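Asker: How does the following fold in three dimensions:
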Amino acid sequence: MSDIRRRRLPRPVREQLIIDAAIGVFAKRGYHASSVDEIAELAGISKPMVYLYLDSKEGLFLACLRRETERLMTAFRTAAGPAPSPELRLRAGLLAFFTFVTEHPDSWVVLHRQASELSPAIAAELAQSRQAVLTEVSGVVRTCSAERAGPACAEDEADFVAYTLVGAADSLTDWMVLHPDEPPERITLRLMNMVWVGMRNVLDGEVWTTPAGEG
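Answerer: Numbering: from 1, shown residues only. Now for the predicted structure:
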């Protein structure tokens, strides 16, 4: 019997150990092929205890989603909040995101590649998590706008920019799988080079219009 199984641990600590084990199994095998027996064994706990703590396999997956979303958002806020300028705030947030994906690949597999294909309850939780991330990024965009000279961008413009940034960052995580040697700092720099100049101009009120005579 393992040391973990022998020890009497506080419930919150035991729940985190179960979630840790579940994330690894879900990432490796996918939701449907994952076994609660395997998760229980890795967590050093009996299968009935998993159900006692987290109700069901779906409940366990939801707990994984909630915890990892909160960890990602906390990393983003902690990094972006104290940065001294708009562009450094954006860079810090993006770097925190790509660092999280690099350091917690199993968590990102669960969040990004599996959840949307599962039950309505899980899909709804994923949608709520994504909206929370979009709200956080939109807040950073509005703060960037407020700190620049000229009129602040409209709320729908800030939301549009936030969706663009989140979509680009999400897509790049697939690219990262194909380029595992690319460090988070380099990915962040390349994305900043792609988006910041345009974003800065949009926040300053500059727009592109169709040339005269074009459809």
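Asker: okay, CA-based contacts and neighbour counts for the rest of this
Answerer: OK.
Asker: what's the helix or strand for the residue most central in space within the chain?
Answerer: Nearest to the mean C-alpha position of the chain, by C-alpha atoms, centre = their mean, lies Leu72 at 5.1 Å. In this assignment (DSSP states H and E), Leu72 forms part of helix 57-80.
Asker: so after that helix, what's the next helix or strand?
Answerer: Next along from helix 57-80, by DSSP H and E: helix 86-103.
Asker: List the buried residues for that following helix?
Answerer: 86-102 (16 or more other C-alpha atoms under 10 Å).
Asker: so after that helix, what's the next helix or strand?
Answerer: helix 105-108.
Asker: The residue nearest to the centre of the chain against Thr102, yeah?
Answerer: No. With contact defined as C-alpha atoms under 8 Å, Leu72 does not count as touching Thr102 (11.9 Å).
Asker: Overlap in contacts, the two.
Answerer: Here Leu72 and Thr102 share no contacting residue, scored by C-alpha atoms under 8 Å, 6 or more residues apart in numbering.
Asker: Run through the helices of this structure in chain order.
Answerer: Here the chain has its helices, by DSSP state H, at 3-6, 11-29, 36-43, 47-54, 57-80, 86-103, 105-108, 120-146, 155-178, 184-203.
Asker: Pipe the ones you listed into CSV and attach mean pLDDT and distance to Pro211 per row.
Answerer: Compiled in CSV, the helices of the chain are given as follows (pLDDT from 0 to 100; distance: least, C-alpha to C-alpha, whole Å):
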stretch, mean pLDDT, distance to Pro211
helix 3-6, 50, 68
helix 11-29, 93, 49
helix 36-43, 94, 60
helix 47-54, 92, 59
helix 57-80, 93, 38
helix 86-103, 92, 30
helix 105-108, 93, 42
helix 120-146, 84, 27
helix 155-178, 88, 22
helix 184-203, 85, 18
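Asker: Can I get these in TSV including distance to Thr209?
Answerer: Listed next are the helices of the chain as TSV, based on distance: least, C-alpha to C-alpha, whole Å:
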stretch	distance to Thr209
helix 3-6	63
helix 11-29	45
helix 36-43	55
helix 47-54	54
helix 57-80	32
helix 86-103	25
helix 105-108	38
helix 120-146	21
helix 155-178	16
helix 184-203	13
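Asker: Could you list the domains of this protein?
Answerer: 1-54, 64-203 (automatic domain parsing).
Asker: Can you give the distance from the shortest one to the centre of its chain?
Answerer: If you compare the mean C-alpha spot of domain 1-54 with that of the full chain, they lie 23 Å apart, counting by C-alpha atoms, centre = their mean, to the nearest Å.
Asker: So what's the residue count around Trp108?
Answerer: The tally of other residues near Trp108 (other C-alpha atoms under 10 Å) stands at 21.
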